[in-house]
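In: Next one to model:
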Amino acid sequence: MPQPLYSTFPDSADAIYKLKQRVEAVMNSRMQTPRDFDTLSEAVFGRMRTLISPTTLKRMWGYIDEPVQPRRSTLDVLSRFVGYPDFRRFSEGLATAAEVQSDVTLAYSINTTMLSRGSRITLRWLPDRRCRVRHLGDGRFEVEEAENTKLSVGDTFRCLLMVEGEPLYLDALVHLGQPPVTYIAGRKDGIRIER
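Out: This is a model prediction of the structure:
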């Protein structure tokens with residue numbers, strides 16, 4: 001018979017809470033709707049080739065009923081999903097890392113070198129910034145519309161990767177004919193991407 005998790009890891013309630021936070025960070029989404037749990041179940045299966053049912057995940061997050069103590073195997077799979085060998089290592093890592101500096105993400109992203117010339121993307125970031133850009137090819141863009149941002153219509157820049165929920169780094173931004181600079185949009189809360 002399996003040992004209760006609490007006897008093995010005295011701080012397991014905190015570790016499970018932190019694990020759920022890390023899973024949400026990797027997914028770039030809070031687990032709040034039935035579709036969120038379906039998506040997480042699919043992502044775990046896609047990466048780990050192990051099925052954790054949406055119902056199990058809902059119970060673990062307390063979405064249905066009271067949160068239940070998940071099985072050790074579930075915790076191990078979710079720990080591997082976020083980059084640790086198992087739940088024990090994840091728990092041990094909490095004591096040594098106050099903040100994760102590197103991690104995987106499943107957030108929506110665009111490798112801009114794969115875009116066709118003329119593709120348009122709308123970028124939004126807080127508090128009310130909006131910018132529509134047109135791909136010129138080879139990861140270069142021109143600003144076509146700009147609202148409440150320092151960017152202006154006609155500005156050009158290079159950006160090879162856009163990641164939903166992360167800051168947007170613009171290289172070789174030519175703003176109003178000035179020499180090229182590097183610019184960061186959505187530094188604190190990241191950007192939202194609309195195709």
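
In: just checking, Y63 touches R35?
Out: No: applying CB atoms under 8 Å as the test, Y63 and R35 come out as separate, 11.6 Å apart. Just so you know, the C-beta spots here come from the backbone N, C-alpha and C atoms, and that holds for glycine as well.

In: Neighbour count: those two, which is higher?
Out: Y63 (17 against 10; other CB atoms under 10 Å).

In: so which helix or strand takes in that one?
Out: Using DSSP states H and E, Y63 sits in no helix or strand.

In: Could you list which residues are in contact with it?
Out: Shown in contact with Y63 (CB atoms under 8 Å, 6 or more residues apart in numbering): M31, Q32, F37, L57.

In: which of those residues lies closest to T149?
Out: Q32 (29.2 Å; CB to CB).

In: how would you label the closest one: helix, strand or coil?
Out: coil (DSSP: H, G, I helix; E, B strand; the rest coil).

In: so where do the strands sit in the chain?
Out: 109-111, 120-125, 129-137, 140-147, 156-158, 161-163, 168-174, 181-185, 191-194 (DSSP state E).

In: Could you dump those into a markdown table and include mean pLDDT?
Out: A markdown table is the format used below for those (pLDDT from 0 to 100):
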| stretch | mean pLDDT |
| --- | --- |
| strand 109-111 | 91 |
| strand 120-125 | 95 |
| strand 129-137 | 96 |
| strand 140-147 | 97 |
| strand 156-158 | 97 |
| strand 161-163 | 93 |
| strand 168-174 | 95 |
| strand 181-185 | 94 |
| strand 191-194 | 92 |
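
In: Can I get these in JSON lines including mean neighbour count and distance to I52?
Out: Shown next, in JSON lines, are those (neighbours: other CB atoms under 10 Å; distance: least, CB to CB, whole Å):
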{"stretch": "strand 109-111", "mean neighbour count": "14", "distance to I52": "24"}
{"stretch": "strand 120-125", "mean neighbour count": "18", "distance to I52": "33"}
{"stretch": "strand 129-137", "mean neighbour count": "19", "distance to I52": "37"}
{"stretch": "strand 140-147", "mean neighbour count": "17", "distance to I52": "39"}
{"stretch": "strand 156-158", "mean neighbour count": "20", "distance to I52": "40"}
{"stretch": "strand 161-163", "mean neighbour count": "17", "distance to I52": "25"}
{"stretch": "strand 168-174", "mean neighbour count": "18", "distance to I52": "33"}
{"stretch": "strand 181-185", "mean neighbour count": "14", "distance to I52": "36"}
{"stretch": "strand 191-194", "mean neighbour count": "16", "distance to I52": "28"}
